[in-house]
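In: Sequence and predicted structure below; questions after.
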Number of protein chains: 2
Amino acid sequence: MSASTKLSNSVKALCFLARNSSEPQSSATISHHTGVNASKLRKLLADLAKIKVVNTTKGASGGYFLARPPEKIHLQEIYCGIEDRKAFHLDVTHTDLTKSGEAAAVNAYFLKLFSEIQVDIEDKMRTLTLASILEATASN
Amino acid sequence: MSASTKLSNSVKALCFLARNSSEPQSSATISHHTGVNASKLRKLLADLAKIKVVNTTKGASGGYFLARPPEKIHLQEIYCGIEDRKAFHLDVTHTDLTKSGEAAAVNAYFLKLFSEIQVDIEDKMRTLTLASILEATASN
DNA sequence: TCATGTGTTACAGTTAATGTAACATATATT
DNA sequence: AATATATGTTACATTAACTGTAACACATGA
């Protein structure tokens, strides 16, 4: 999954959990309601459990549930929790250093620019909570 | 090529043209100095010729040269010129609309967010000129 | 006329993404 | 204690995307 797909799939699951918080929800149930593959959901939610965004209980009638109210869950921490390799695929060709230093200098320039963009994106995500997403996507 | 790779490769070529502006430079020559494949360079530079960032002359002793001084070439127009499918790979899963409207609402939310991010990125690129990149990557 | 260079297409080889299945581990429930 | 249920993780086959290179028609300066 691309970073953006993982993020939106995670949020779909978290929105479902927020709207069905009376009891733990299994990956099968979440999959049925969101359309996201149950195995992928388990991977995403396992990552989110590590950073205490959700809690899990195993066994019968177990499943996933939010560890905090939606107001205290930020998009940025979701993104950082599920994304290991980091960065929005802003790569630069791996120039062999036998070439002139000009190409290498341009590579360095863009790596710096792209990391600045990355910071900007995360700053923007830090201003968005699960609660605000719930409100923006409310159907009624 | 990913969007970011195309961008950095384009800038490598444009920097070379800016620093060797006495005569048209062939894709073979640019390739030799930048390490970027000549065929890919021709594709990139053909796109940049369409938006009048470079000019080309065919035939013997022909090649590519900047159509404007580096001060008047912006990173944003380079990016828009070479990128057809647009967007930094910020995709959202193509949910089948038979599912509940919640997943679709989250998709719509992220498409909007990602397009906002796209605008932010382009705004940042609009402030950067080829001249500023030449200065930042100068080796002497 | 001919060598040179662009613009474009095609293609094989490689890499990455995708969806699914499988299973060990853990734990409520009966 | 036994069992059904659920997570966490790994593996895999299929598909899609990327990569580098080659090839060639078209154009043009020498």
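Out: Perfect, thanks for sending it. It should be emphasised that the depicted structure is a prediction, and the values quoted were computed from it without experimental measurement. Residues are numbered from 1 along each chain as shown, chains lettered A, B, ... in the order given.

In: Next, work out how far apart the nearest residue to A:R126 once chain neighbours are set aside and DNA strand D are.
Out: By the measure of CB to CB, 6 or more residues apart in numbering or on different chains, the closest residue to A:R126 outside its immediate chain neighbours is A:Q76, 4.3 Å from it. Using the backbone N, CA and C atoms, a C-beta is placed for each residue, glycine as well. With the distance defined as CB to the nearest atom of the strand, to the nearest Å, A:Q76 ends up 22 Å from DNA strand D.

In: shouldn't A:Q76 be in contact with A:V119?
Out: No - if you go by CB atoms under 8 Å, A:Q76 and A:V119 don't touch, sitting 10.7 Å apart.

In: Between these two, which has more neighbouring residues?
Out: Neighbours were counted for A:Q76 and for A:V119 using other CB atoms under 10 Å in any protein chain shown; A:Q76 has more, 16 against 10.

In: helix or strand right after the helix or strand containing that one?
Out: When secondary structure is defined using DSSP states H and E, the element that contains A:Q76 is helix A:75-82. Beyond helix A:75-82 in the direction of the C-terminus, DSSP H and E gives the next helix or strand as helix A:101-126.

In: Indicate whether the helix or strand following that following helix makes contact with chain B.
Out: In the C-terminal direction, the helix or strand that comes right after helix A:101-126 (DSSP H and E) is helix A:130-136. Yes - contact check for helix A:130-136 against chain B, using CB under 8 Å from any CB of the partner chain: residues in range are A:133, A:136.

In: Could you tell me which other helices and strands helix A:130-136 packs against?
Out: With contacts defined as 3 or more CB pairs under 8 Å, 6 or more residues apart in numbering or on different chains; DSSP states H and E, helix A:130-136 has these neighbours: helix A:3-19, helix A:75-82, helix B:101-126.
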